[in-house]
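**Q** prediction below, plus the sequence it came from.
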Amino acid sequence: MKNFVKILTALCLICAAITVSLASCSVQPGYEGAPNGMRPCNEGENGAILYVPSYWNVSDSAGVPSAYYSDRDYSMITLITVPAEDVGDRTVTEYWDYYKSSFISSVSDFSIIKSSESDPDYTTRLVADNSCTLYRYDYSFKLPGLEGEESIYRFAQAFVVHPESKDLFIITYSAPSSVFESHLEDLTQVYDNFRLVTETIPMTDKTPPAQFTEVENIPEGFSALTGEHINYILFVPSDWTPLMNTGMTAASDSENKTTTASVTVFEANGTDYDAFFSSYESDIKSTFGNITFDNPENKFTETKLDGYTSRTYVYTVTTGAAEYKYRQTVLINGGYIYLLTFCCKSSDFTTAETVFSQIQEHFCFKNS
């Protein structure tokens, strides 16, 4: 379980800074129009539906259509849509070169995987009823905090341009190197059944979108994020956008989506502040290769979180050409670690810090 948590943490950090020849179209219960033996990960709201084998587990609570194999094998397949305006005039290969240059500076031991050195970095095939060309890049890198073979993760990342909207779909399969090849037949089915659509197809078990919650004593101008199994309330400005209110809460500034606030909770397992943040800092360095504190000699200041003494760290991380600034408050209380994280581009921090302070001031536990 410890290593599983490390893997998820590392992937989240990396990720905090990214066909259709339907041989059968029989309908599965609850999944209108789904190919036989497949189920959707999304409803086609961006013009395409990602289908995975029905024995995979679908999760869309984080806002990204995704599926994982099992609780013991967290191999994942995700779909990300990049709007045409963000792609610009780049071809798929040009976009990959741009994407790769930013990406490899943020990870360790990055390596392209191909049959021979003289081959191109990608392979191609037709998808979506032969209407689109899929470009697939295979690569690997090392996750921080793990040792040996389990530290090497492999990826098959496929890029497909919508023929009309010119939006770019990125289908990413990721798995530990030890099990990567065991799911390649499933991945082929995913490519075979990638479908372009002009209308959405409802998915009956779709996770409801994150939304604000009605609670008592909401501060003026703010709205509440919480959940049935969460013992705290995160208040954010009412004009922000809720991103998640499941086991984790998160929201972003509606006008500047790179400005975010989130709360995550971990079991403390007897750790103290110094041990926790030392490990956390080490993971950030291993993942991004850098972390810079406002005051390296005194990395934290004592603050309050709902009246409890906590520690607040302010630091910057550079990924590719972008520099992000974090303000992170850590509270160890009742056997749990509460991590209140604010993030924005460094250039926006001076403006955002006032809002961050208000959000921290209003944070409260339900039993307070």
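**A** Right, received. Where do you want to start? Numbering: from 1, shown residues only.
**Q** next, the buried residues of stretch 122-130.
**A** Residues 122, 127-128 are the ones in stretch 122-130 that count as buried (16 or more other Cβ atoms under 10 Å). Using the backbone N, CA and C atoms, a C-beta is placed for each residue, glycine as well.
**Q** narrow these to those in helices?
**A** Under the assignment DSSP state H, these contribute nothing to helices.
**Q** kindly indicate whether Asn269 is helix, strand or coil.
**A** coil (DSSP: H, G, I helix; E, B strand; the rest coil).
**Q** count the residues that sit near it.
**A** Asn269: 10 surrounding residues under other Cβ atoms under 10 Å.
**Q** equivalent analysis for Ile332, please.
**A** Applying other Cβ under 10 Å, we find 18 residues neighbouring Ile332.
**Q** now stretch 82-99: mean pLDDT?
**A** In this model, stretch 82-99 has an average pLDDT of 90.
**Q** who touches that stretch?
**A** In this structure, residues lying in contact with stretch 82-99 by Cβ atoms under 8 Å, 6 or more residues apart in numbering are 18, 121-122, 133, 135, 137, 159, 161-162, 165-170.
**Q** return the member of these nearest to Asn290.
**A** Proximity of the contacts of stretch 82-99 to Asn290 (Cβ to Cβ) peaks at Ile18, which lies at 19.6 Å.
**Q** report the buried residues of stretch 359-368.
**A** The neighbour-count check on stretch 359-368 (16+ other Cβ under 10 Å) flags 359-360, 362-365 as buried.
**Q** circling back: got JSON lines for the buried residues of stretch 122-130, with pLDDT too?
**A** Below are the buried residues of stretch 122-130 laid out as JSON lines (pLDDT from 0 to 100):
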{"residue": "Tyr122", "pLDDT": "95"}
{"residue": "Val127", "pLDDT": "97"}
{"residue": "Ala128", "pLDDT": "95"}
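**Q** neighbour-wise, which one of the contacts of stretch 82-99 leads?
**A** Neighbour max across those (other Cβ under 10 Å) = Phe159, 25 neighbours.
**Q** what about the helix or strand containing that one, distance to the chain center?
**A** Assigned by DSSP states H and E, Phe159 belongs to strand 152-161. With Cα atoms, centre = their mean, to the nearest Å as the basis, strand 152-161 stands 15 Å off its chain's centre.
**Q** who touches it?
**A** In contact with strand 152-161 (Cβ under 8 Å, 6+ apart) are residues 7, 19, 48, 87, 92, 95-96, 109, 113, 127-128, 132-143, 167-177, 180, 184, 187, 191, 194.
**Q** what about 7 Å?
**A** With contact meaning Cβ atoms under 7 Å, 6 or more residues apart in numbering, strand 152-161 is reached by 92, 95-96, 127, 132, 134-143, 168-177, 180, 187, 191.
**Q** please report how far Ser337 lies from Phe365.
**A** Actually, residue 337 is Ile. It isn't Ser. Ile337 is 14 Å from Phe365, where distance means Cβ to Cβ, to the nearest Å.
**Q** show me where this structure has its helices.
**A** Counting by DSSP H, the helices of the chain are 2-16, 84-87, 92-103, 184-192, 273-288, 349-362.
**Q** out of these, which gets nearest to Met76?
**A** Comparison of the helices of the chain against Met76 by Cβ to Cβ identifies helix 2-16 as nearest, at 8.1 Å.
**Q** in this structure, what helix or strand scores lowest on average pLDDT?
**A** Here the helix or strand of the chain ranked lowest by mean pLDDT, DSSP states H and E is helix 2-16, holding a mean of 39.
**Q** re earlier: mind listing the strands the strand holding Phe159 pairs with, and their directions?
**A** strand 132-142 (antiparallel), strand 168-176 (antiparallel) (DSSP bridges).
**Q** quick one: average pLDDT of the last one?
**A** If you average the pLDDT over strand 168-176, you get 94.
**Q** next, the angle from it to helix 92-103.
**A** Strand 168-176 runs at 50 degrees relative to helix 92-103, counting by axes from the mean of the first three to the mean of the last three Cα atoms, to 10 degrees.
**Q** go on, the first one?
**A** Angle of strand 132-142 versus helix 92-103, following the same axes, to 10 degrees, is 20 degrees.
**Q** next, the buried residues of strand 132-142.
**A** Counting neighbours by 16+ other Cβ under 10 Å, the buried set in strand 132-142 is 132-142.
**Q** dump those residues to TSV, plus distance to Ser282 and pLDDT.
**A** Output for the buried residues of strand 132-142, formatted as TSV (distance: Cβ to Cβ, whole Å; pLDDT from 0 to 100):
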residue	distance to Ser282	pLDDT
Cys132	42	96
Thr133	42	97
Leu134	38	98
Tyr135	35	98
Arg136	33	97
Tyr137	29	96
Asp138	29	96
Tyr139	24	94
Ser140	21	92
Phe141	17	86
Lys142	14	80
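**Q** which of these lies closest to Ala261?
**A** Phe141 (28.9 Å).
**Q** how close does the closest residue in space to the closest one that isn't next to it in sequence sit to Cys41?
**A** Spatial nearest neighbour of Phe141, excluding adjacent residues (Cβ to Cβ, 6 or more residues apart in numbering): Val107 at 4.2 Å. According to Cβ to Cβ, Val107 stands 25 Å off from Cys41.
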